[in-house]
Each structure stands twice: as structure tokens, then as C-alpha cells.
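1. dropping a prediction and its sequence here:
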Amino acid sequence: MRENRLRSLWQSGQAAGNGWLTVPSSFSAEVMAHQGWDALTIDLQHGAIDYPAMVGMLQAIATTATVPVVRVPWLEPGIVMKALDAGAYGLICPMINSVDDAARLVAYSHYAPRGTRSFGPVRAALYGGADYAERADATIVVFAMIETAQALDRLDAILAVDGLDAIYVGPSDLSLALGCKPAFDDVEPAVAQAIDHIVARAAAHGVVAGIHNGRADVARARIAKGYRFVTLGSDARLLASGSQELLGALRAGPLRGRRTGQDAR
């Protein structure tokens, strides 16, 4: 089966740089994948991407060594299984608030006897290889999002669920849950404390911790604290920020050139 480079990076003590995809385009996904991201996450929760677009984007990412990850909209068995059958090598599920939520996520994403995933890796076997059925459970990475007060209260119990590979912190929702202003980077003290607490408890349980970031310096600081999967930038944000930077440089000086004879007439 094709290697999951996320597992290889983590086993060697390295962090993975993850990009975020919200634009429903196989071409933009292909462009992003060719920039050297360790992983790219296709966002079905908040992005404008539907299932057919996701399949094309997974195919585009497959032209590179970048690991394809999908964030599903919710903890629902149908979309979890369809995302995996389409070839996702990592799966992020939002709003995991209890041991039961985490156990169901593991069940939906694993074949029997551990789980209840139905067998039908239509595209996944093409991407992963002929031995997909035998090795998928040990290859795919399953992330539970920790982003609520309930999840914080039950964090150790969630982290102890067998088969849960990783957790993923959503700082904005976590901020709202703690009564703070939503932010990725410049979070309020209560949120910063929670982010540090989450990574420490994950390490104690041998679970990989990931987190959403807006700036590279913040991502580096969180890697130093133990986070091993750091998201930095989405296709839409990079498109906007790149355009703003170019336009800002263009408009920094006069936009009128020297008048030609034709202009004078």
C-alpha cells in the first residue's frame, strides 16, 4: 500500500506542514499540491466544495507526494466512508465532544473487527494499492477536532479511545467556546492556556496534535510546544493575500505614466 508520509514524518519526530483547500477546483488543488505541502486538507465543512469536486481534487493531489486529507462536514458514517473510499489518507472530523463521539469516529473509519466501515474502496484502492483492504486501518490517519468546552472537559477520555491517531485544534471555535473572540493566532490567554494543555495531554497519551494557524511564526512556536501537524494558509486566503500584496505594491506610487503625444491630443 502507498505510504502515508504523515506517519513517516511523525515517526521521525518531524512536523507536517498542511495547506487548506476551500476552492472547488481540481486545478487549484493541483497547483497547491505542486508547491511542496506535506499534506493538503479538502474542507467539506466550511468550504464551497461538494463531493464530486472533492473527488477531482483528490485525483489532482495524487499527481504529487502530498498526502490528501479531507475534513468531513460532521460525524456521520456515510460521508466518513465515502471520503475514505474516494482516497483520503487522512480524515478530520469536527466537533468531537465525548468518548462516544470519538469511538463512533474510529468505528466509521475502520474495517471490522475494530470498526463498522463498509467495504468498497472504489477509488481508494487505485490510489492506495492492491493491498488496501489489509493495510488501510494502519495507514489512514484519523483526527478528532477538539474545539469545545465539552471536549476540553473530557479530553483525557477522548485521547484514550483506541484507534484515534490524532487530534486537531480549531482555535476559532475553541475561542468562542471559552467566551473569547475567534482567532487563529493572537488568541486570548484562556485559549492559549487551553492550546498548551491540549498538546501536553495528547503527548501523554501518545496521540499526535494538530492545529490551525494563520501565520508562520505562530505555527513554528506551536511546533516547538509539540504540535506535529500545522495548517498554514488556505487557497482562498493565499489568493486574496497575494493579490493584495501585488496591488499594494502597484498602488504605492503614482499610477500615471509620462504622457505621450497621442495622450496630449
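-> Yep, it's here.
2. next up, phi/psi of Ala62, please.
-> The phi and psi torsions at Ala62 (degrees, to the nearest 10) take the values phi -70, psi -10.
3. mind telling me what element the residue most central in space within the chain is part of?
-> Nearest to the geometric centre of the chain sits Thr41, at 4.3 Å (Cα atoms, centre = their mean). Assessed by DSSP states H and E, Thr41 sits inside strand 39-43.
4. got a list of what the residue nearest to the residue nearest to the centre of the chain when sequence neighbours are not counted touches?
-> Nearest residue to Thr41, sequence neighbours excluded (Cβ to Cβ, 6 or more residues apart in numbering): Val69, at 4.2 Å. All C-beta spots, glycine's among them, are computed from the backbone N, C-alpha and C. Counting by Cβ atoms under 8 Å, 6 or more residues apart in numbering, Val69 makes contact with 18, 39-42, 88-92, 141.
5. secondary structure element holding Val69?
-> strand 67-71.
6. strand 39-43 and that strand, what's the angle between them?
-> Using axes from the mean of the first three to the mean of the last three Cα atoms, to 10 degrees, the inter-axis angle of strand 67-71 relative to strand 39-43 is 30 degrees.
7. what angle do the following helix or strand past strand 67-71 and strand 67-71 make?
-> Downstream of strand 67-71, the next assigned helix or strand under DSSP H and E is helix 77-85. Counting by the same axes, to 10 degrees, helix 77-85 lies at 170 degrees to strand 67-71.
8. closest one of the contacts of Val69 to Leu238?
-> Leu40 (12.1 Å; Cβ to Cβ).
9. is it true that Thr22 touches Leu239?
-> No - using Cβ atoms under 8 Å, Thr22 makes no contact with Leu239, being 10.0 Å away.
10. more crowded one of those two?
-> Thr22 (18 against 12; other Cβ atoms under 10 Å).
11. and the residue nearest to the more buried one when sequence neighbours are not counted, how far from Tyr227?
-> Excluding its sequence neighbours, the residue lying closest to Thr22 (Cβ to Cβ, 6+ apart) is Gly47, at 3.4 Å. Distance of Gly47 to Tyr227, given as Cβ to Cβ, to the nearest Å: 23 Å.
12. and what of Ala39?
-> In terms of Cβ to Cβ, Ala39 sits 14 Å off from Tyr227.
13. any weak-confidence spans in the protein?
-> For the chain, applying pLDDT under 70 flags the ranges 257-265.
14. ranges for the strands of it?
-> 16-21, 39-43, 67-71, 90-93, 141-146, 166-169, 208-213, 229-234 (DSSP state E).
15. with distance to Ile198 added, can I get these in TSV?
-> What follows is these, written out as TSV (distance: least, Cβ to Cβ, whole Å):
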stretch	distance to Ile198
strand 16-21	17
strand 39-43	19
strand 67-71	18
strand 90-93	15
strand 141-146	6
strand 166-169	6
strand 208-213	6
strand 229-234	13
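16. give me the neighbour count for the nearest residue to Ala48 once chain neighbours are set aside.
-> Closest residue to Ala48 apart from its sequence neighbours, by Cβ to Cβ, 6+ apart: Pro24 at 5.3 Å. Pro24 has 17 neighbouring residues, counting by other Cβ under 10 Å.
17. Pro24 against Ala53, yeah?
-> Yes - counting by Cβ under 8 Å, Pro24 does reach Ala53; the two are 3.9 Å apart.
18. mind listing what Ala204 touches?
-> Leu159.
19. quickly note the distance from it to Gly226.
-> For Ala204, the distance to Gly226 - Cβ to Cβ - is 10 Å.
20. likewise for Gly214?
-> 19 Å.
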